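**Q** Okay, sequence plus prediction incoming.
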Amino acid sequence: MQEINIQFTLFSAFYSPLISTMSGGFLEAEGLKPNWSISPPGVSAMAALDDGSADVVQSALSQGLNALGKGEVLDTTHFAQINEMDGFFLTGRYADPVFDWHKLEGAEVVLFGGGQPLIMFKYACHKAGIDFDKIQVINVGGAVAMDQAFREGKGDYIQQQGPFPQQLEEDGFGHIVAQVGKQIGLCGFSSLAAKRDWLGTDSAAAFMRAYRKTRIYMNETPAAEIARAEKPYFPEINEVALRDCIATYQQLGCWTPHVEITFEAYEATLDIYAYNGTLAKRYDYDLVCSAPPAG
């Protein structure tokens, strides 16, 4: 088998379309043996493309936008989408079936300190018609530190990707009250990236055959079956919590069957970053994105 090196910038069940290429056996069926890793904290997996240690990475369109804003000439490209919506949840201390985003004003909320999670969250607040500056923000570090802080009693609400919030519910520490993706709507949230020349290789074609089959699998397979296969990748997560997380993402519609990064999703991402004042200019689609290999 030919080896393929895959790196994640963040590792969560939200990225199951990439995880399941491995757990579902789709890569092996195409003759590819996956070696996977997670980038160091605070480092984008795009760096692994630059140093040659990865062939494919889980990333976000913002990485290309930020590089262009610095005047860099890109030899990397985003060639397929993973998620077409934000995958973060808001979890509160108590069940609240009639939750309204205005309840965040004046509340203590454990949030990511920067990057795309914060940019998207601020845009969701804008869409909800609330003043982000009225939120009492708590920053404690990355996903693990945030989870621990909430379990220790910090904050009224917390922003997390699945399956962290589902595990909080299972452990009796909180209740999911909202999905950020529903508030924002369609956007190019996360994507697969690679060197442009790699896209013309046989490995890239084999990868895309596997990935296209995985996208169908993600939408047509019961969440319990997907969770059972993925469980070894989440040793600290209860399988019921993982199942519930995957089922929620299926219902959200972030794992659409098509693999292309659509122009509509790209433009929505530009709108979000422009609102936050972090977009130098509206770069043409072709500077950041490419069509996926035929596969």
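**A** Thanks, I have the structure now.

**Q** Outline the domain layout of this protein.
**A** Using automatic domain parsing, the domain ranges for the chain come out as 2-85+187-288, 88-184.

**Q** What is the distance between the last one and the centre of its chain?
**A** The one in question is domain 88-184. When C-alpha coordinates are averaged (C-alpha atoms, centre = their mean, to the nearest Å), domain 88-184 and its chain have centres 16 Å apart.

**Q** next SSE after the lengthiest helix in the chain?
**A** Taking DSSP state H as the assignment, the helix of the chain that covers the most residues is helix 202-220. Tracing the chain C-terminally past helix 202-220 and defining elements by DSSP states H and E, one meets helix 223-230 next.

**Q** Which parts of that following helix count as buried, going by neighbours?
**A** Neighbour counts over helix 223-230 (16 or more other C-beta atoms under 10 Å) mark 223, 226-227, 229-230 as buried. C-beta here means a position set from N, CA and C on the backbone, and glycine is covered the same way.

**Q** phi, psi of the closest residue to Phe99 other than its chain neighbours?
**A** Counting by C-beta to C-beta, 6 or more residues apart in numbering, Phe99 lies nearest to Val177, which is 3.9 Å off, once chain neighbours are set aside. With angles defined as degrees, to the nearest 10, Val177 shows backbone torsions of phi -120, psi -20.

**Q** doesn't Gly92 make contact with Val177?
**A** Yes. Under the criterion of C-beta atoms under 8 Å, Val177 lies in contact with Gly92, with a separation of 4.6 Å.

**Q** overlap in contacts of these two?
**A** With contacts taken as C-beta atoms under 8 Å, 6 or more residues apart in numbering, the residues that reach both Val177 and Gly92 are 99, 157.

**Q** Ala294: which of the domains of the chain is closest?
**A** domain 2-85+187-288 (6.4 Å; C-beta to C-beta).

**Q** quick one on the thing from earlier: will you turn the domains of the chain into CSV that also has mean pLDDT?
**A** Shown next, in CSV, are those (pLDDT from 0 to 100):
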stretch, mean pLDDT
domain 2-85+187-288, 96
domain 88-184, 97
